[in-house]
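> Provide a 3D model corresponding to the input given below.
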Amino acid sequence: MRFEPKSRVGMGCWAIGGPFFAGDGPLGYANTDDARSLAAIEASYEAGIRLFDTADVYGAGHSERLLGQALKGRDDVVISTKFGIGFDETSKQVIGERTDAADVEMALDASRKRLDRDVLDLVFLHLNSLPPQLAAPLFDALEDARTRGIISAYGWSTDFPQSARAMAKREGFVAVQHAMNVFFDAPSMMDVTRQHGLLSFNRSPLAMGLLTGKFTAGQSMAPDDIRHNSFGWMDYFKDGKVEPSFVAMLEAVRDLLTVGGRSPTQGALGWLLAKSPNTVPIPGARTVEQATHNARALDFGPLPASAIEEIETVLTRPAEGPPRER
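Below you'll find the model as predicted:
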């Protein structure tokens with residue numbers, strides 16, 4: 001099945017959702033403001049972005065509501081969302097995984113209502129490490145929703161290549177959303193997407209902000225910011241501080257990323273665009289400045305092959321290792 005993302009770079013909408021929590025632990029980003037978020041969505045659209053990626057759990061439904069408000073009546077955009085994590089909209093608390101296939105249609109209907117859309121363009125399963133045998137009934141329900149016209153296509157937000165491979169032959173399965181950036185090039189997952197003709201939605205394309213070049217080694221994050229946590233999958237921030245080894249890696253390739261007048265952000269996105277015609281980076285933005293700056297990567301396009309090749313000679317990445325959540 002052919003699926004058109006409408007633009008090679010998207011806008012990631014985790015941050016604009018605002019606060020939500022697991023107990024006292026923050027799962028959102030600090031310093032969000034609805035007026036600025038709506039303006040960032042508008043700025044992205046005006047700059048040529050036509051893909052907006054969110055999840056029902058971001059901000060406990062709030063990110064979807066903002067997108068529904070900002071993009072109402074605009075049929076030339078693609079909105080991708082995700083389901084699979086239960087939450088309470090009032091308390092902003094995550095309440096666990098939703099793995100019962102009987103709940104899928106309810107989740108889709110709730111997203112359609114928040115996004116103010118009759119049909120969801122693209123829906124990802126949001127359970128990264130769910131075993132394929134447990135995920136299969138959920139994808140059966142998604143395929144049923146597709147045949148009934150509730151959604152147009154679906155995929156999986158997962159960093160496990162064997163999981164993506166297990167679902168890749170389903171008719172409506174068109175994309176995998178997975179971690180990929182200059183620091184981690186996801187070779188095993190890219191093999192799966194190439195073999196099966198899938199879109200590669202690049203989650204964390206700027207390494208949770210590190211590839212913007214705005215952070216210093218050891219810098220502390222705000223207590224209400226997800227990067228203040230110490231989740232096992234969070235490589236770029238440890239104990240609420242910027243991990244110095246990644247700052248050093250960026251400095252090693254900064255001149256190569258900024259070739260042709262690019263910023264580190266635009267170079268990092270250009271690196272992803274150069275990796276495959278099917279890569280779709282989805283950097284987050286919370287302000288008009290961030291949104292327009294990210295979108296300029298479309299104007300610059302892929303990094304030149306010479307820069308890509310030299311980055312591979314300069315950069316010493318950690319081994320890919322066994323699949324894990326990232």
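
> contacts for stretch 137-155 next, please.
The contact list for stretch 137-155 (CB atoms under 8 Å, 6 or more residues apart in numbering) reads 1, 3, 84, 99, 101, 104-105, 108-109, 112, 119-125, 167, 170-177, 198-199, 201. The way it works is simple: take the backbone N, C-alpha and C, and place the C-beta from them, glycine included.

> tell me the helix or strand right after the helix or strand hosting residue 138.
Using DSSP states H and E, the element containing residue 138 is helix 132-147. Moving toward the C-terminus from helix 132-147, the next helix or strand (DSSP H and E) is strand 151-157.

> mind checking which of the contacts of stretch 137-155 are buried?
Among those, those classed as buried by 16 or more other CB atoms under 10 Å are 3, 84, 99, 101, 104, 108, 112, 120-125, 167, 170, 172-177, 198-199, 201.

> among the residues you listed, which are located in helices?
Mapping those onto helices (DSSP state H) picks out 104, 108, 112, 167.

> and which of those residues is nearest residue 16?
residue 112 (19.4 Å; CB to CB).

> go ahead and confirm the closest one touches residue 121.
No. Using CB atoms under 8 Å, residue 112 is not in contact with residue 121; the gap is 10.9 Å.

> tilt between the helix holding residue 138 and strand 151-157?
Computed by axes from the mean of the first three to the mean of the last three CA atoms, to 10 degrees, the angle separating helix 132-147 from strand 151-157 equals 160 degrees.

> got the buried residues for helix 132-147?
Buried-residue list, helix 132-147, by 16+ other CB under 10 Å: 132, 135, 138, 139, 141, 142, 143, 145, 146.

> can you check stretch 311-322 too?
residue 311.

> do the same with stretch 234-242
In terms of neighbour count (16+ other CB under 10 Å), stretch 234-242 has its buried residues at 234, 235, 236, 237, 238, 241, 242.

> could you do stretch 298-305 as well?
For stretch 298-305, by 16+ other CB under 10 Å, it's 298, 300, 302, 303.

> could you list which of the buried residues of stretch 234-242 belong to strands?
Using DSSP state E, the subset of the buried residues of stretch 234-242 located in strands is 237, 238, 241, 242.

> who are the contact partners of the first one?
What that stands for is residue 237. Counting by CB under 8 Å, 6+ apart, residue 237 has contacts 208, 221, 227, 228, 229, 243.

> pull the number of nearby residues for the third one.
Using other CB atoms under 10 Å as the criterion, residue 227 is surrounded by 24 other residues.

> residues touching it, list them.
29, 208, 209, 221, 234, 236, 237, 240.

> swap the cut-off to 6 Å and go again
Residues in contact with residue 227 (CB atoms under 6 Å, 6 or more residues apart in numbering) are 221, 237.

> state the distance from it to residue 85.
19 Å (CB to CB, to the nearest Å).

> ditto for the last one
Spatial separation of residue 243 from residue 85 under the definition CB to CB is 26 Å.

> same thing with the first one?
According to CB to CB, residue 208 stands 19 Å off from residue 85.

> of the two, who's got more company?
residue 208 (24 against 20).

> can you confirm that one is in a helix?
Yes. Counting by DSSP: H, G, I helix; E, B strand; the rest coil, residue 208 falls inside a helix.

> was I right about it contacting residue 236?
Yes. Look at residue 208 against residue 236 with CB atoms under 6 Å: they come within range, at 5.2 Å.

> before we move on, the earlier item: from the ones in strands among the buried residues of stretch 234-242, which two are the most distant?
Taking CB to CB, no two of these sit farther apart than 238 and 242, at 8.5 Å.

> re the thing from before, got a markdown table for the contacts of residue 237, with pLDDT and distance to residue 79 too?
Output for the contacts of residue 237, formatted as a markdown table (pLDDT from 0 to 100; distance: CB to CB, whole Å):
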| residue | pLDDT | distance to residue 79 |
| --- | --- | --- |
| 208 | 96 | 22 |
| 221 | 95 | 29 |
| 227 | 96 | 25 |
| 228 | 94 | 29 |
| 229 | 92 | 27 |
| 243 | 96 | 32 |
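
> can you list these in CSV and add distance to residue 323?
Putting the contacts of residue 237 into CSV (distance: CB to CB, whole Å) gives the following:
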residue, distance to residue 323
208, 20
221, 27
227, 23
228, 26
229, 22
243, 21
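
> which of these sits closest to residue 76?
For those, the nearest to residue 76 is residue 208 (29.7 Å; CB to CB).

> roughly how far apart are the closest one and residue 326?
The value you get for residue 208 to residue 326, if CB to CB is used, is 11 Å.

> contact partners for residue 326?
Counted by CB under 6 Å, 6+ apart, residue 326 has contacts 159, 179, 233.

> do you know the pLDDT at the nearest residue to residue 54 once chain neighbours are set aside?
What sits nearest to residue 54 in space, not counting adjacent residues and going by CB to CB, 6 or more residues apart in numbering, is residue 13, at 4.1 Å. With respect to pLDDT, residue 13 scores 98.
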